[in-house]
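> Structure for this input, please:
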Amino acid sequence: MFKYVAMRVLSTIPVMAVVALFVFVLLRLAPGDPAAVIAGDYATAEDVERIRQQLGLADSVFVQFLRWLGGLMQGDLGTSIFSNRPVTELIGQRLEPTLLLALTTIVFSVAVAVPLGTLAAYRAGSAVDRVVMLFSVGGFSVPVFVLGYILIYTMSMSLKILPVQGYKSPFEDGIGPFLMHITLPTVTLSVIFIALISRMTRASVLEVLEEDYIRTARAKGQSEFRILLRHALRNAAVPIVTVIGIGIALLIGGVVVTESVYNIPGLGRLVLDAVLARDYPIIQGLMLFFSFIYIIINLIIDLSYTFFDPRIRY
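Modelled structure (predicted):
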């Protein structure tokens with residue numbers, strides 16, 4: 001097990017190197033010049049060139065990449081072009097809202113999707129099954145920002161139950177204000193996640209329910225709840241856990257949109273602001289950070305297989 005974990009961790013190094021190269025080159029090929037943004041609309045060509053020289057953007061792409069890579073080797077993600085602050089410091093300041101939003105989304109999605117998918121599999125072909133599948137299709141079809149604005153209009157502006165926007169820290173403002181402000185973003189971000197997990201849960205549990213040991217358990221007189229929970233769901237857990245790990249990619253992309261809609265000062269909002277400002281160091285640092293988090297989460301998902309299926313060994 002230790003050898004497997006060590007090899008997986010070491011394998012992240014070339015993956016992160018490819019991601020770093022891809023992000024760096026892609027940003028340089030994209031239109032737009034941060035020096036022109038900083039100089040303003042009335043700046044001359046000489047002013048823009050002077051700013052480019054100061055920022056090091058006048059150097060060749062190869063030289064810029066080597067300079068950035070040298071900083072990465074020392075744990076330095078660079079300095080923001082506009083705020084002139086270290087990227088690691090900016091990520092640290094914005095990490096809490098994004099981390100808590102992702103955590104509440106995963107917990108809420110799994111708590112809702114797994115029972116829904118299991119119920120749909122148990123009642124396959126019934127009205128309950130059709131409703132769950134209809135919800136799954138709808139969850140994939142409705143864009144995150146559309147659902148966000150619908151919830152804001154209904155729950156905040158019309159019913160005035162929950163606040164429209166903003167974020168409250170549970171460590172500074174208390175659990176109550178935090179839950180009030182995080183509920184709508186969590187529901188908005190959870191819909192596509194619930195649709196994905198419930199659909200996979202239904203397919204996996206439905207396949208397991210046709211196995212011989214399920215019929216044996218029923219012949220022994222075990223209750224349907226015990227059969228579903230102990231036999232069907234546990235044996236169907238590996239593909240369900242796998243799709244949860246894959247769904248993290250959807251979660252990362254949805255965080256950017258959700259935080260913008262609800263004005264949450266997290267990493268997603270930081271990404272959007274950096275893209276609009278062409279702040280290369282922030283974009284590059286955040287893409288590397290998101291990639292690293294995604295790799296680590298998938299490693300944890302892989303290691304969890306041994307808990308659900310003792311036959312799996314590393």
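> Which secondary structure element is home to Ile296?
helix 280-308 (DSSP states H and E).
> what's that helix packed up against?
Contacts defined by 3 or more Cβ pairs under 8 Å, 6 or more residues apart in numbering; DSSP states H and E place helix 280-308 against helix 2-29, helix 61-73, helix 87-122, helix 237-261, helix 267-277. The C-beta positions use only the backbone N, C-alpha and C, and glycine is treated the same way.
> now these as CSV including mean pLDDT, mean neighbour count and distance to Leu196?
Output for these, formatted as CSV (pLDDT from 0 to 100; neighbours: other Cβ atoms under 10 Å; distance: least, Cβ to Cβ, whole Å):
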stretch, mean pLDDT, mean neighbour count, distance to Leu196
helix 2-29, 78, 13, 24
helix 61-73, 82, 13, 33
helix 87-122, 91, 20, 8
helix 237-261, 83, 20, 5
helix 267-277, 86, 20, 19
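> related to what we said a few turns ago, compute the inter-axis angle for the helix holding Ile296 and helix 61-73.
When axes from the mean of the first three to the mean of the last three Cα atoms, to 10 degrees is applied, the directions of helix 280-308 and helix 61-73 differ by 50 degrees.
> Check which residues of helix 280-308 are buried.
280-291, 293-295, 297-299, 301-302, 304-305 (16 or more other Cβ atoms under 10 Å).
> ok, back up a step: need the helices and strands packed on helix 280-308 in CSV (columns: distance to Met180).
As requested, the helices and strands packed on helix 280-308 are exported to CSV (distance: least, Cβ to Cβ, whole Å):
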stretch, distance to Met180
helix 2-29, 36
helix 61-73, 40
helix 87-122, 13
helix 237-261, 16
helix 267-277, 19
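> Return stretch 285-305 as PDB; C-alpha atoms alone will do.
Output of stretch 285-305 as PDB, limited to C-alpha atoms (Å, rounded to 0.1, in the frame of the first residue of the first chain):
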ATOM      1  CA  GLY A 285      -1.200  29.300 -10.000                       C
ATOM      2  CA  LEU A 286      -4.900  28.500  -9.700                       C
ATOM      3  CA  MET A 287      -4.900  26.000 -12.600                       C
ATOM      4  CA  LEU A 288      -2.000  24.100 -11.000                       C
ATOM      5  CA  PHE A 289      -3.700  24.200  -7.600                       C
ATOM      6  CA  PHE A 290      -7.000  22.900  -8.900                       C
ATOM      7  CA  SER A 291      -5.100  20.100 -10.900                       C
ATOM      8  CA  PHE A 292      -3.200  19.100  -7.800                       C
ATOM      9  CA  ILE A 293      -6.400  18.900  -5.700                       C
ATOM     10  CA  TYR A 294      -8.100  16.900  -8.400                       C
ATOM     11  CA  ILE A 295      -5.200  14.400  -8.500                       C
ATOM     12  CA  ILE A 296      -5.100  14.000  -4.700                       C
ATOM     13  CA  ILE A 297      -8.900  13.500  -4.500                       C
ATOM     14  CA  ASN A 298      -8.700  10.800  -7.100                       C
ATOM     15  CA  LEU A 299      -5.900   9.100  -5.200                       C
ATOM     16  CA  ILE A 300      -8.100   9.100  -2.100                       C
ATOM     17  CA  ILE A 301     -11.000   7.600  -4.200                       C
ATOM     18  CA  ASP A 302      -8.700   4.800  -5.400                       C
ATOM     19  CA  LEU A 303      -7.600   4.000  -1.900                       C
ATOM     20  CA  SER A 304     -11.200   3.800  -0.700                       C
ATOM     21  CA  TYR A 305     -11.900   0.900  -3.000                       C
END
